[in-house]
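In: sharing a sequence plus its predicted fold:
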Amino acid sequence: NAGVIATLYEAGHSTRDIGAALGHGKSTVNRVIARHGGELRQMTGTERPDFFDVIDTPEKAYWLGFLAADGCIVATPEHPEGNHLTVRLAARDRGHLEKLKAVLEASASVTGGISNGFGKPMEYASLTVGSRRLTEALIALGIQPRKSATVEPWDGPADLMRHYWLGLFDGDGSIARKGEGLWTMFLCGSEACVRGFTVWAHGICGTSATPYFNTGCWYVSISGRHQVAKLTRAMYGDATVSLDRKQERADLIMEAAG
């Protein structure tokens, strides 16, 4: 598979992903690349390693929320507490990773690949940022390896929390049409984050929705023509950054509500 490995690596796929796709270990892929004259890429970092040192802008609050949902702090033998940040999204959301790359001034490229999701190949986009300072700041803010079921929501200033919740919702939420002019907003995640979002949403739109646990995850489902419109406007109305496809649905809801 040497030729296939070389081709995939030159196309920007990681050695870990190549190994998973071809049934090899990462170290085997590394050896094949080196043996055939390839140069292994070094993990690249960011020109803004202090970005998350202090969360004091809507943009920082948003990305903190988004990474609480979709960010992954990767541990290594040298740094079991976490060594670098990786974010993987569906290929259709590649543009969102380009936004993150730009705001962090990250030197790594957004790469693509194919994973075996739910029994069928799925295209994805991925960004990896190697920075101990950035990683340590995120860990201090509760974004740690294997955080999915345990992450706690950020407790920030009231004027920044809606941006944080928008980031979390863009990562782990969805907006589904239930009928003409009727929509439902779903959020899944850790119990603490789902309950925190529900309390915040109640203050915005008066929802009486109750979080529930199902198939290994906590959920909340918020419906109601006026409740969804209020909540959507609070999060997406003048968002400084958002996931494009969810912003488009939010715009439809806000336009219909007037």
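Out: It's in.
In: mind listing what L89 touches?
Out: 70, 96-97, 124-126 (C-beta atoms under 8 Å, 6 or more residues apart in numbering). Placement of C-beta: from N, CA and C, glycine included.
In: how near is the residue nearest the centre of the chain to L134?
Out: For the chain, D70 is the residue whose C-alpha lies nearest the centre (C-alpha atoms, centre = their mean; 2.5 Å). As judged by C-beta to C-beta, to the nearest Å, D70 and L134 stand 16 Å apart.
In: the helices in this protein, which residues?
Out: In the chain, the helices defined using DSSP state H lie at 2-10, 15-22, 26-35, 58-70, 94-104, 132-140, 158-172, 191-205, 225-236, 244-257.
In: between the shortest one and helix 2-10, how big is the angle?
Out: Angle of helix 15-22 versus helix 2-10, following axes from the mean of the first three to the mean of the last three C-alpha atoms, to 10 degrees, is 140 degrees.
In: other SSEs contacting helix 15-22?
Out: helix 2-10, helix 26-35, strand 111-117 (3 or more C-beta pairs under 8 Å, 6 or more residues apart in numbering; DSSP states H and E).
In: and stretch 95-102, which residues are buried?
Out: Of the residues in stretch 95-102, 96-97, 99-101 count as buried by neighbour count, 16 or more other C-beta atoms under 10 Å.
In: circling back to that earlier point, compare the helices of the chain and give me the one nearest N116.
Out: helix 15-22 (8.5 Å; C-beta to C-beta).
In: excluding its backbone neighbours, what's nearest T135?
Out: Once flanking residues are discounted, T135 sits nearest to G82: 5.3 Å by C-beta to C-beta, 6 or more residues apart in numbering.
In: actually V151, not the one I wrote
Out: Of all residues not flanking V151 in the chain, S190 sits nearest, at 5.0 Å (C-beta to C-beta, 6+ apart).
In: that neighbour touches R146, doesn't it?
Out: No. S190 is beyond contact range of R146, at 11.6 Å (criterion: C-beta atoms under 8 Å).
In: those two: who's more crowded?
Out: Applying other C-beta atoms under 10 Å to S190 and R146 shows that S190 carries more neighbours, namely 21 against 11.
In: phi and psi next, for that one.
Out: With angles defined as degrees, to the nearest 10, S190 sits at phi -70, psi 160.
In: what lies in contact with stretch 49-69?
Out: So stretch 49-69 is contacted by 85, 87, 100, 103-104, 131-134, 137-138, 141-143, 147, 151, 153-154, 156, 160-161, 163-172, 189, 193, 239-242 (C-beta under 8 Å, 6+ apart).
In: can you check stretch 131-138 too?
Out: In this structure, residues lying in contact with stretch 131-138 by C-beta under 8 Å, 6+ apart are 45-46, 48-53, 64, 67, 71, 73, 79, 82-85, 104.
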